[in-house]
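Novice: sequence plus the predicted model coming up.
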Amino acid sequence: MDSFYTLKLKRFFDLSLSVILIVFFSPIMILAWLAIRVTSRGQGFFISTRIGKDEKPFRLLKFRTMYNNSSGGLLEERAYKLAAEGILLKMESDPRVSPVGKFLRRTSIDELPQLFNVLAGSMSLVGPRPLLGFMIEGIHERKKRLSVLPGITGYWQIYAREKNNSAKEMLPYDLRYIDEISLQKDIKILLLTINVVLSGRGAF
């Protein structure tokens, strides 16, 4: 199938399925938002600027899982030190994460608002993980990696989610997906993602 038609079909698939999933998960998302607002101060959502297709920045939407006053201190310093090295901002037993946030992360409910990113066209259901700007600087084949929409899930999430990889270590998974991109692959990855989410592997 020609890549033009592949991407057109992919967008139709993303749009159709994201609408269905938003309707299906809307009660869970409402309850998650309420739980966050009731148990800690601050907004229910966390918005982060990420780099999308063709290096265009976009606002990624997630449920807030950390306390509103979690910035500052040695933990914050450590997190940004890891980020500067390209490591994902994840720490096990992070005290900045609220009890509700821990549950949302373990069940991946915190990622559900990204369905609205898919609906808006800034993300795809399946694709390379969306990264912060400084994480992609100096990455080999950066242009190729950013030639497709970032995804909620992808090869990294189903094969290496439990590893706190750097952006460079994630690159082979991203490039493999781009080389093999097809609607059939997207469906397979989505089905495998269900098993990963249910197992809770790598979620913290």
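Specialist: In hand now; what should we look at? Numbering: from 1, shown residues only.
Novice: what residues does the helix or strand where residue 118 lies touch?
Specialist: Residue 118 belongs to helix 114-120 when elements are defined using DSSP states H and E. If you take C-beta atoms under 8 Å, 6 or more residues apart in numbering as the criterion, helix 114-120 is touched by 14-15, 18-19, 21-22, 25, 58, 60-62, 123-125, 152. All C-beta spots, glycine's among them, are computed from the backbone N, C-alpha and C.
Novice: burial of residue 152, as a residue count?
Specialist: Using other C-beta atoms under 10 Å as the criterion, residue 152 is surrounded by 25 other residues.
Novice: ok, it - contacts?
Specialist: Residues near residue 152 by C-beta under 8 Å, 6+ apart: 111, 114-115, 117-118, 123-126.
Novice: do the same with residue 61
Specialist: Applying C-beta under 8 Å, 6+ apart, we find residue 61 in contact with 45-47, 113-114, 116-117.
Novice: before we move on, back to that, mind giving me the ChimeraX command for buried ones among the contacts of helix 114-120?
Specialist: Buried residues among the contacts of helix 114-120 (16 or more other C-beta atoms under 10 Å), as a ChimeraX selection:
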select :14,18,21,22,58,60,61,62,123,124,125,152
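Novice: which one of the contacts of helix 114-120 is nearest to residue 104?
Specialist: Proximity to residue 104 was ranked across these by C-beta to C-beta; first place goes to residue 62, at 9.0 Å.
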